[in-house]
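*Asks:* What follows is a predicted protein model with its sequence.
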Amino acid sequence: MDRDNANATRLRVNRIALNQQLDPQELVPKLVRARILSVNHDVQYINQGTSRIDRARRIVDCLLTPISIGKEAERGDRPTNWYLQFRGFLLENPSIYGDLVSALDNTIVRPPEFAQRVSEAFTDKTNVQRSNEFRENVNKTLLQTSKPKCDNEENTTTPTVNNQEQITKIEFDRYAMNKILIEGNFQKVIDNLIYNSRVPERLFQQLSLSNHSFDREQLKIEHQIFDDMRRLELMNNLIQKEKSLANQTIFDTPIVDSLLANPNHYHYFYKYFMALSSIYSIYYDRQFFQAFLQSFDKHDVDQKLLDKGFQLYHFLYNYGRYELCRQIIERIVQILSKQVKQQFDVWTYLFRACCALVQVHNQSLEIKDAWTRIEAANEIADNLKATGMDIHNNDYAWLYFTASQTALEDANFDACIQFCYRGLKSADKDNHSLIVDLLCSLTQGLTSKWIMNKAQATAIMAVQYAAKYCGQNSPKYVFALQQLVQFSNEFIQDPSSVELAQYAFDRARTVFGCESLTVAHCHRALSKSLITLASVTYSRRSEHKNKTDDPSHGNYLHHAHEAHRIAQDWFGVDDRVRLFPFKMSLAHALQAQVSSDAQEKKDGYFQDAMDLLDDCFRIAQDLFGGMSFKVAQVHRLRSAVYLSKKMYHEAEEQLKICLQIYKLCLPPKSFHFLVTEASLGLIYKQQNNYKQALPLFQNISRALDTSTQSFRWINMVLESLVECYTQLEEDGSDQHNDPITKENSSAEKVRAELYEWRRTSVKRIDLMSLIHQELAQSLHQFLHDSTRFQETTDRVYALMRSQKNAKTHLPAATTTTPVNSHQQA
């Protein structure tokens, strides 16, 4: 059973309640706006209802009825997450629809019987040895951690608890997994247990047909993970059905212990967790969280329980359940605050808790709170250092990584770069996962700072390092590919960028096997690559050629919509903060669609883009303030949307506001400022206002070093400068009847500079071949080459400070030193 059928079942089961409570006047405009209902078909059908209940019944009919030909032509494909959006519209009025939403969520959806038989057919039956080993481990230690706390009198009077204490063995049947044998002072067989996880057939088939060794290795692991997932479900159902296990929780079983103990396999479980939650409303992430809180209440807090809590945090953080992560860490901090502060372990765990909270704050864009936690972690480290103790290197490196992400969100790119270098120097060389994270964060900082050469070297280093030490079927490898795609979108901007983005997207879908958050970000990156390629390709194309002739035209909008939809599936339609980057990407794609030659839907795309940007502006203003880098980005994208509709005055005003903000929050002559200034010059040039455009392009050309920098937009700046000089020189010669010679022509001088720049800097970089090459240098050599200039600068500054201190202390020294001995010295 897929998600659509499960959601349709929820509507059918609760149809009477829906008919009685839905308000068509409130819901129909929202459903039309979300393209769930069509105007000429669904709305007309709904309005033919004779009463409110009849119109509500017709709404449910439209949601359940397949799309007809007429609807599809008008509305297009209905969003895949139509039910999630419908549920979000109901939650906007919780006082009326709150109970209805609870009824929909609590509806039990059962899979058909044949589905389980089909899933069994795809099971890896050759893995008998591992299954027997797993049974033996379960039989030995399954119930050792869950003995109830009760008095002797209760033991003698309560047979259920007594049975649980006497259980010595739980064993899966060798031939039928849904049968489980329980042995102790009694023997019992529990059968008819069910599991809802299904084999991802398409993924398994794709991996089996692959020629890559890492894909075949992933297929073996996938079979093992599916086996573990089924046992997890069966054991959970057994605990719920068997009274003798009333005090047992699934979180305390070795199945979950083995799951949390291997971080490299976390992502394999997410597709099953997501399917169970979206189809059957089974939330193992919430069950784990509740069981963890119960463990804190039942048991004394020790190091083992704290370590398991941090393991659960990392599992849920990678799963995208950030609010649960926040509650876990806050509970750990609450427990640790009651412990003896003189113990070294308590301070170490508090330090890690600060690092974890910084990550959570970054995801919620709570930048002030993140900096506060960073200061608290530094205070803990300083206090420990004063007592002769020190924090582990990996914990320090984790703090530097989280701090670099905070600085990146705060547009403090220099601090981001410095934190990354410190983290790379602190991390243990065997902690490959953290090293890849730091390299990727360093790539983000260098790319945002527009340090092209270092950003390219770091991005390639991250990909090659992840491929060697983590594997090409690892999430870290996909994460490194994402940063290389970001660099390529900023600086390369040619068909190779699209090829690289498509490769990263395909790799992400294969590694995760579901529509994960990483896949959503890959959708965003691929959309931007297609938009950039379209703008570069068609900027010089003649007017009689249509942009829609290209087969990739419109694909960027599809990928942006998919990214936004997947993010809504993970975070919910009402999580405006975490949906912010996805809304910006969708607005960018809509802007590109407005600037295309398709005129029939241009007004609709324009209005959708402006609505998204209005929402993004409110989010950025509330979180970062009115004069922040994020707000400036919204103004800049607004300008592009206005420019797509030839609304030059509005576009100019938005860019001027953006430039004012950049002057306040960025260093002088930063590349973001120069690029925005170039966009303003292009607006003037398109209106043939060359006098106002010329000073802007002159200022940019003076700030750029065309002999060493190879940004592709330098070509646009120099071409525009040549055009401005040419037009103004022609106008001047017409007025004075004095032709300008080539020797005196400023346009010719700039044209010569442009030709020289193209000759020396236009070099095609084959990123696809670079990422498949072996790692060329060690991490130590990379850090030495990257920070060599910084180390020399630090030594010079240290020498200057020491000389200054010597001069200030010199008079005090001469007063107590004899003159002769001082002269001899």
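*Replies:* Great, that's in hand. Numbers count the residues shown, from 1 in each chain.
*Asks:* can you list the weak-confidence ranges in the stretch 351-500 of the chain?
*Replies:* Flagging of the stretch 351-500 of the chain using pLDDT under 70 yields an empty set of residue ranges.
*Asks:* OK, contacts around Y313?
*Replies:* With C-beta atoms under 8 Å, 6 or more residues apart in numbering as the criterion, the residues that contact Y313 are C325, I328, I329, A356. C-beta: built from backbone N, CA, C; applies to glycine.
*Asks:* Can you pick out the most distant pair from the residues you listed?
*Replies:* Of all pairs drawn from the contacts of Y313, the widest gap by C-beta to C-beta lies between I328 and A356 and measures 8.3 Å.
*Asks:* Pretty sure S701 sits in a helix.
*Replies:* Yes. Going by DSSP: H, G, I helix; E, B strand; the rest coil, the assignment for S701 places it inside a helix.
*Asks:* Report the contact partners of it.
*Replies:* For S701, the set of contacting residues under the criterion of C-beta under 8 Å, 6+ apart consists of V717, L718, L721, V750.
*Asks:* cool, and V641?
*Replies:* Neighbour list for V641: A587, L590, Q591, V594, F606, A609, M610, L613 [criterion: C-beta under 8 Å, 6+ apart].
*Asks:* so L350 touches A381, yeah?
*Replies:* No. Look at L350 against A381 with C-beta atoms under 8 Å: they stay out of range, at 10.6 Å.
*Asks:* Next, work out how far apart the nearest residue to Q486 once chain neighbours are set aside and I492 are.
*Replies:* Distances taken as C-beta to C-beta, 6 or more residues apart in numbering place T447 nearest to Q486, at 5.8 Å, with adjacent residues excluded. Here the distance between T447 and I492 works out to 12 Å (C-beta to C-beta, to the nearest Å).
*Asks:* So those two - more neighbours on which side?
*Replies:* T447 (24 against 21; other C-beta atoms under 10 Å).
*Asks:* contacts for stretch 623-630?
*Replies:* Contacts made with stretch 623-630 from outside it, assessed by C-beta under 8 Å, 6+ apart, are listed as 365-367, 410-411, 577, 620-621, 631, 661-662, 664-666.
*Asks:* Return the member of these nearest to A427.
*Replies:* D410 (22.8 Å).
*Asks:* Number of residues surrounding that closest one?
*Replies:* Each residue near D410 was counted by other C-beta under 10 Å, and the total is 21.
*Asks:* so what's the nearest residue to it once chain neighbours are set aside up against?
*Replies:* Excluding its sequence neighbours, the residue lying closest to D410 (C-beta to C-beta, 6+ apart) is I367, at 5.1 Å. Contact criterion C-beta under 8 Å, 6+ apart gives H361, T406, E409, D410, L623, F624 as the residues in contact with I367.
*Asks:* follow-up on the earlier one: which among the contacts of Y313 gets closest to Q687?
*Replies:* For the contacts of Y313, with Q687 as the reference and C-beta to C-beta as the criterion, the closest is C325, at 51.3 Å.
*Asks:* so what pLDDT did that closest one get?
*Replies:* Confidence at C325, expressed as pLDDT, is 95.
*Asks:* Counting neighbours, what do you get for it?
*Replies:* Other residues close to C325 by other C-beta under 10 Å number 24.
*Asks:* what does the one 3 residues further on give?
*Replies:* I328 has 25 neighbouring residues, counting by other C-beta under 10 Å.
*Asks:* what do you get for the one 3 residues further on?
*Replies:* Counted by other C-beta under 10 Å, the residues lying close to R331 total 16.
*Asks:* how about it, what does it touch?
*Replies:* For R331, the contact set (C-beta under 8 Å, 6+ apart) comprises L293, F296, G309.
*Asks:* separation between the last one and I335?
*Replies:* Relative to I335, G309 is positioned 9 Å away (C-beta to C-beta).
*Asks:* For those two, work out which one has more neighbours and name it.
*Replies:* Applying other C-beta under 10 Å to G309 and I335 shows that G309 carries more neighbours, namely 23 against 16.
*Asks:* Only the buried residues of the helix or strand harbouring that one, if you could.
*Replies:* For G309, the host element (DSSP states H and E) is helix 303-319. Buried residues in helix 303-319, counting neighbours by 16 or more other C-beta atoms under 10 Å, are found at L306, K308, G309, F310, Q311, L312, Y313, F315, L316, Y317, N318, Y319.
*Asks:* The second one and A261 touch, don't they?
*Replies:* Right, the one you point to is K308. No. Using C-beta under 8 Å, K308 and A261 do not qualify as a contacting pair, with a distance of 9.1 Å.
*Asks:* I'd like to know how many residues surround E650.
*Replies:* The tally of other residues near E650 (other C-beta under 10 Å) stands at 14.
*Asks:* Mind checking what secondary structure it has?
*Replies:* helix.
*Asks:* Wait, it touches Y642, no?
*Replies:* Yes. With contact defined as C-beta under 8 Å, E650 counts as touching Y642 (4.2 Å).
*Asks:* Go through the contacts of V641 and name the one nearest L783.
*Replies:* Checking those against L783 by C-beta to C-beta gives A587 as the nearest, at 38.7 Å.
*Asks:* Now the residue nearest to Q486: which helix or strand?
*Replies:* Assessed by DSSP H and E, T447 sits inside helix 432-449.
*Asks:* other SSEs contacting whichever helix or strand comes after that helix?
*Replies:* For helix 432-449, the succeeding helix or strand toward the C-terminus, using DSSP H and E, is helix 452-469. Contacts defined by 3 or more C-beta pairs under 8 Å, 6 or more residues apart in numbering; DSSP states H and E place helix 452-469 against helix 432-449, helix 475-491, helix 767-771, helix 779-786.
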